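[1] Build the 3D model from these lines:
(one chain, ligands or ions: 2)
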Amino acid sequence: MAGHFRGTLPPASKSFPSLPQFSGFMKPCRFEGEVHHLEVRGTIPPELDGTFYRVMPDPQFPPFVDNDPWFNGDGSISAFRFHNGNVNFQQKYVRTEKFIREREAQRALGGKYRNKYTDAVEFKIRTTANTNIFYFNKVLLAIKEDAPPYALDPVTLETIGLCDFDGQLPSLTFTAHPKVDPITKELVAFGYEARGDGTPDVCYYTISPDGKFTEVVWIVAPVVGLIHDFAVTENWVLFPIIPQICDIDRLKQGGEHWQWDPKVPVYLGVLPRRGAKGSDVKWFRAPNAFPGHSTNAYETPDGKVIFDLPLTDKNVFFWWPDAEGNAPDPESIKAEYVRFTIDPKATDLELPTPEVILQSDMEFPRIDDRVAMTRHRHSFFDMMDPKLGTDFGVIAPVLGGGHPLYNSLGHLDHETGKLEVYFPGPTHMVQEPVFVPRSTDAPEGDGFLVVLVSNYATMSSELHIVDTQDFSSAKAIVLLNLRLRAGLHGNWVDAKEFAAE
Ligand code: V55
Ligand code: FE
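    Numbering: from 1, shown residues only. Ligands and ions are numbered 1, 2, ... in the order given. Next up is the predicted model:
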């Protein structure tokens, strides 16, 4: 086999390694198919008319590299289609180049996470498309931040092909966290390591609702760090850099893409959203920490930018340690909910200490996307609070591992400071919620959360439907009778959006 692989390729294994990320609930699922008319406990609100799409990393074949992390699995898309109180389920892998060639070869060919020098063959595009599934301009985009998206048919989940936006995509990469402007319907996005592995180049772009690239700005980051999520306001774009650093020589030697660097600050790039030059970017700094997913950002009347997100001083990606091999105990990683107030015009590049808006350990924040880029009053997120009554005795033996764990959902009213908590049950862990408004003109935050839940007593996945006006219990629990692994991101696409086209 001609390729980059430097050693002797080990024979193909028919079993997954006995490691936490391949054990218990994390055993690869690998199921493709459909189940119609899922069993429902309770009543699905009739207002829910649309599809909840989500993606999970799910390796098609056992890896030939050691200790392959959760993040390196092949992207598998789940669709839950809601109509008239009924839910149909469908699941399909993204037909990436890697997936197709591995199926032909009947074995893993891709090597380590984001290290092409460890592959068994040379790929044109080696992405797993495993991080987000996002509806834009009539197609689903299955995205991982190391490559362009793959376009999928929203109805059949069939892969249409790699999406370079008719040749307009200027960057080799595309963020897994693009943002839609709810007013202009533009897609605002970027790629980092945009000129190839280990390059400090970031390419910022805006795409019109019908798919034309408008703004394109190339900027240079102060370090080759991980820019997983970002934030957009009416007039500004923010790029937070996680201090996980890429070194091209380490990659060439077959090492990890990322290494935690406790000496690198959190850089926050601030760029004018429209009409900017690359040199207009300002790189603000905060002390070393791990900035998590962006809730949202918006501007105040006096021209400041508010940016809410989880933040922890620990390396959340504990499977990529620092140069000395140090990584935190996963159970010690707790992110607080913070608010940065940024003056984009400031000449002092040290950011003021952010305000802690919630001390509970939280991640995967979501808002009512109708207020994106403007002031949000409500946010919804995953929380871990062991005091809520999780039965770790039941869960621990079948948990597997290699990913963060959250046992509840939070709803923070940012105006009153009130926190509400939804607890799905003592043998349950939650994935990322999505918010669905009750109606087109419902007030901000009035609607439903749809969340995929892992039940470790039944070893099956469930969808919980929670009314944001009543966090005491779920309105409906949809039983899947299948075990889906820990996933990353999902989105709701309302039937009205399909109908509008
Ligand atoms: C993340 C996930 C990824 C990745 C980089 O959640 C960052 C963050 C599933 O893959 O490659
Ligand atoms: Fe993410």
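[2] In contact with V266, which residues?
    Applying Cβ atoms under 8 Å, 6 or more residues apart in numbering, one finds that V266 lies in contact with 240-243, 285-289, 291. To be clear about C-beta, it is placed using only N, CA and C from the backbone, and glycine gets the same treatment.
[3] Could you rerun that using 10 Å?
    Taking Cβ atoms under 10 Å, 6 or more residues apart in numbering, we find V266 in contact with 225, 240-243, 284-291, 311, 340, 351.
[4] what does R195 give?
    With Cβ under 10 Å, 6+ apart, R195 has these contacts: 170-173, 201-203, 218.
[5] next one: S360
    310, 334-337, 381, 383-385, 408, 410, 412, 419, 421.
[6] wait, which of those residues is closest to K304?
    Y337 (18.8 Å; Cβ to Cβ).
[7] Run a quick neighbour tally on the closest residue in space to the closest one that isn't next to it in sequence.
    Nearest residue to Y337 in three dimensions, chain neighbours excluded: L358, at 3.8 Å (Cβ to Cβ, 6 or more residues apart in numbering). Using other Cβ atoms under 10 Å, L358 has 21 other residues around it.
[8] Roughly how far does L358 sit from D302?
    25 Å (Cβ to Cβ, to the nearest Å).
[9] do I160 as well
    Separation of I160 from D302 (Cβ to Cβ): 46 Å.
[10] Of the two, which one has the most company?
    Each of I160 and D302 has its neighbours counted (other Cβ under 10 Å); I160 has more, 13 against 6.
[11] Of all the residues in the helix or strand the more buried one falls within, which ones are buried?
    In this assignment (DSSP states H and E), I160 forms part of strand 159-162. Within strand 159-162, the residues scored as buried using 16 or more other Cβ atoms under 10 Å are 159, 162.
[12] Pull the distance from whatever helix or strand comes next after it to the chain's centre.
    Once strand 159-162 ends, the next helix or strand along the chain (criterion: DSSP H and E) is strand 179-180. Mean-position distance between strand 179-180 and its chain equals 14 Å (Cα atoms, centre = their mean, to the nearest Å).
[13] where do the helices sit along the protein?
    97-105, 248-252, 392-395, 495-499 (DSSP state H).
[14] can I get those in JSON lines with distance to C29?
    Putting the helices of the chain into JSON lines (distance: least, Cβ to Cβ, whole Å) gives the following:
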{"stretch": "helix 97-105", "distance to C29": "15"}
{"stretch": "helix 248-252", "distance to C29": "30"}
{"stretch": "helix 392-395", "distance to C29": "18"}
{"stretch": "helix 495-499", "distance to C29": "27"}
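[15] What residues sit buried inside stretch 223-239?
    So stretch 223-239, judged by 16+ other Cβ under 10 Å, has buried residues 223-233, 236-239.
[16] Report the entries of those residues that also contact ligand 1.
    H228 (Cβ under 6 Å from any ligand atom).
[17] picking that back up, and which of the contacts of S360 is nearest R81?
    R81 has its nearest neighbour among the contacts of S360 in F381, at 25.3 Å by Cβ to Cβ.
[18] Name the residue of the protein that lies nearest to ligand 1.
    Residue of the chain nearest ligand 1, by Cβ to the nearest ligand atom: F71 (3.8 Å).
[19] Could you check how many residues crowd around that residue?
    Using other Cβ under 10 Å, F71 has 21 neighbouring residues.
[20] Likewise for V270?
    24.
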